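> okay, sequence plus prediction incoming.
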Amino acid sequence: MGNSLLAAEAGDETPHVEQDFTRRVAPDPRREAAGHVGERLVRRRRCRLRGHPHQRRGRHLPRLRRGHASPHAELVRRLAEEPGARSPSPPPTDAEKVRSWLSAAGAPLLASRPAAGPLPPLEPLLAEGIALSHRDAGLARVLPLVLWLNRGRLDHQALVRQASLRNESQALGFFLELAGRLGSDPGLMARALRLRDRRRTRARPFFAQAIGPRALALARTRTPALARRWGYLMNMDLASFAAPFGKHKDAA
């Protein structure tokens, strides 16, 4: 009887064990579908983080086969061979020496020592003066005058190239337009407009010195509209440039 009870109990437990085991391991279609979706989302995120080839910019550009030259190779070669295309940025020049040379070129500046020897070419000299004007407000006031006095002797292409080497194309355009307006010269204003970078929509301080919130607020109120169009803020109105220009424009 004891054996029959044990057999009965064993016979009763076996189906339940198999049924429980089957319920635990049986695949759930909904769970598998959710798992596949999760794996796809993880893979997609990894592709974005790693920069999947199909999500990189330029994926629609045609691939060049070996032995086939790019159709733009000739244009790139000619640009590289242009004068100044591979020229490094010029080394910094002594500020006092630049002031003395600009004074000899017509700028009403007080130099601690006179210019020694012949003047350098006007184009790199003016470009160096524009770069220096971010730290010298007195020099900035007279640069439109110097451009006006030497307008007939300037090689404007060389001037633009020299300013570009110093990352001063926008500042050159600003001073050229200012000289054209003060001297009523449409030619200078037309040359200035060619340098306008319309991607610059946010004004920044022209002078390199750090200024506080009050000085910045004052610069915003005093900045001429012409300077703001070129993307600059300065605590100087047009009268600051017009005074030396009107006094010395007939010096040539």
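It's in.

> only C-alpha atoms from now on, for both contacts and neighbour counts.
Fine.

> need the strands for the stretch 101-250 of the chain, in chain order.
Here the stretch 101-250 of the chain has its strands, by DSSP state E, counting those that start in this stretch, at 204-205, 232-233.

> wait, isn't Leu132 in contact with Glu96?
No. With contacts counted by C-alpha atoms under 8 Å, Leu132 stays clear of Glu96, the gap being 10.1 Å.

> quick one: which of the strands of the stretch 101-250 of the chain is nearest Leu188?
Leu188 lies closest to strand 232-233 among those, at 19.5 Å (C-alpha to C-alpha).

> just checking, what packs against the closest one?
strand 204-205 (3 or more C-alpha pairs under 8 Å, 6 or more residues apart in numbering; DSSP states H and E).

> partners of the strand it packs on in the sheet?
In the sheet, strand 204-205 lines up against strand 232-233 (parallel) (DSSP bridges).

> for the record, mean pLDDT for the strand it pairs with?
Mean per-residue pLDDT for strand 232-233: 94.

> residues in contact with it: which ones?
Here strand 232-233 makes contact (C-alpha atoms under 8 Å, 6 or more residues apart in numbering) with Ala203, Arg204, Pro205, Phe206, Ala219, Arg220, Thr223, Ala227.

> please convert the buried members of those into PyMOL selection syntax.
Applying 16 or more other C-alpha atoms under 10 Å to the contacts of strand 232-233 leaves a buried subset, and the PyMOL line that selects it is:
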select buried, resi 205+206+219+220+223+227
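
> now the contacts of strand 232-233 as JSON lines including distance to Gly173 and pLDDT?
Output for these, formatted as JSON lines (distance: C-alpha to C-alpha, whole Å; pLDDT from 0 to 100):
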{"residue": "Ala203", "distance to Gly173": "15", "pLDDT": "87"}
{"residue": "Arg204", "distance to Gly173": "16", "pLDDT": "90"}
{"residue": "Pro205", "distance to Gly173": "16", "pLDDT": "91"}
{"residue": "Phe206", "distance to Gly173": "13", "pLDDT": "94"}
{"residue": "Ala219", "distance to Gly173": "20", "pLDDT": "85"}
{"residue": "Arg220", "distance to Gly173": "20", "pLDDT": "88"}
{"residue": "Thr223", "distance to Gly173": "16", "pLDDT": "92"}
{"residue": "Ala227", "distance to Gly173": "10", "pLDDT": "94"}
